[in-house]
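Trainee: I'd like to go over a predicted model; first the sequence, then the structure.
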Amino acid sequence: MPFVELDTNLSAGRVPTGLEKRLCAATADILSKPEDRVNVTVRPGLAMAVNGSTEPCAQLLISSIGVVGTAEDNRGHSARFFEFLTKELNLDQDRIIIRFFPVEPWQIGKKGTVMTFL
């Protein structure tokens, strides 16, 4: 169950309508997970600085069990997320930060999974 959080200092009016749905579909494709298991949050209008600059920027945080964590996997995932975000947000790659957090499952009974950060 991937959790994806996109933070940006772009105003809500500059974030394309429906971005959360397209990011959900892109994440499912990139991570080879069912779309109905992907959770996406988009937070525009934040006070942010990337590389010492407050020019338009974004930060993508991806947390998931079993599909993020190795440098090789994350390199491939990053390339595809950068391609998606540069087109959607009209930002250069140097204005986008991508962070991956691998998580471990922790079973609670039979009613679901709680994920804990490594």
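Mentor: Sure thing, it's come through.

Trainee: how about the strands of this structure, start to end?
Mentor: Using DSSP state E, the strands of the chain run over residues 3-8, 39-43, 58-65, 96-107, 113-117.

Trainee: make JSON lines from those and add distance to residue 33 to it.
Mentor: No exception for glycine: its C-beta is placed from N, CA and C like everyone else's. Converted to JSON lines, the strands of the chain look like this (distance: least, Cβ to Cβ, whole Å):
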{"stretch": "strand 3-8", "distance to residue 33": "11"}
{"stretch": "strand 39-43", "distance to residue 33": "11"}
{"stretch": "strand 58-65", "distance to residue 33": "7"}
{"stretch": "strand 96-107", "distance to residue 33": "13"}
{"stretch": "strand 113-117", "distance to residue 33": "13"}
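
Trainee: in TSV: the ones you listed, plus mean pLDDT.
Mentor: Listed next are these as TSV, based on pLDDT from 0 to 100:
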stretch	mean pLDDT
strand 3-8	97
strand 39-43	98
strand 58-65	92
strand 96-107	80
strand 113-117	50
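
Trainee: looking at those, which is closest to residue 80?
Mentor: Residue 80 lies closest to strand 96-107 among the strands of the chain, at 10.2 Å (Cβ to Cβ).

Trainee: contacting residues around residue 50?
Mentor: Applying Cβ atoms under 8 Å, 6 or more residues apart in numbering to residue 50 gives the contacts 57, 59, 95-97.

Trainee: among these, which pair sits farthest apart?
Mentor: It's 59 and 95 that sit farthest apart of those, by Cβ to Cβ, at 9.9 Å.

Trainee: before we move on, the earlier item: is it possible to export the strands of the chain to TSV including mean neighbour count and distance to residue 81?
Mentor: TSV is the format used below for the strands of the chain (neighbours: other Cβ atoms under 10 Å; distance: least, Cβ to Cβ, whole Å):
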stretch	mean neighbour count	distance to residue 81
strand 3-8	20	9
strand 39-43	15	12
strand 58-65	20	6
strand 96-107	15	6
strand 113-117	11	20
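
Trainee: looking at those, which is nearest to residue 74?
Mentor: When those are compared by Cβ to Cβ, strand 96-107 sits nearest residue 74, at 5.0 Å.
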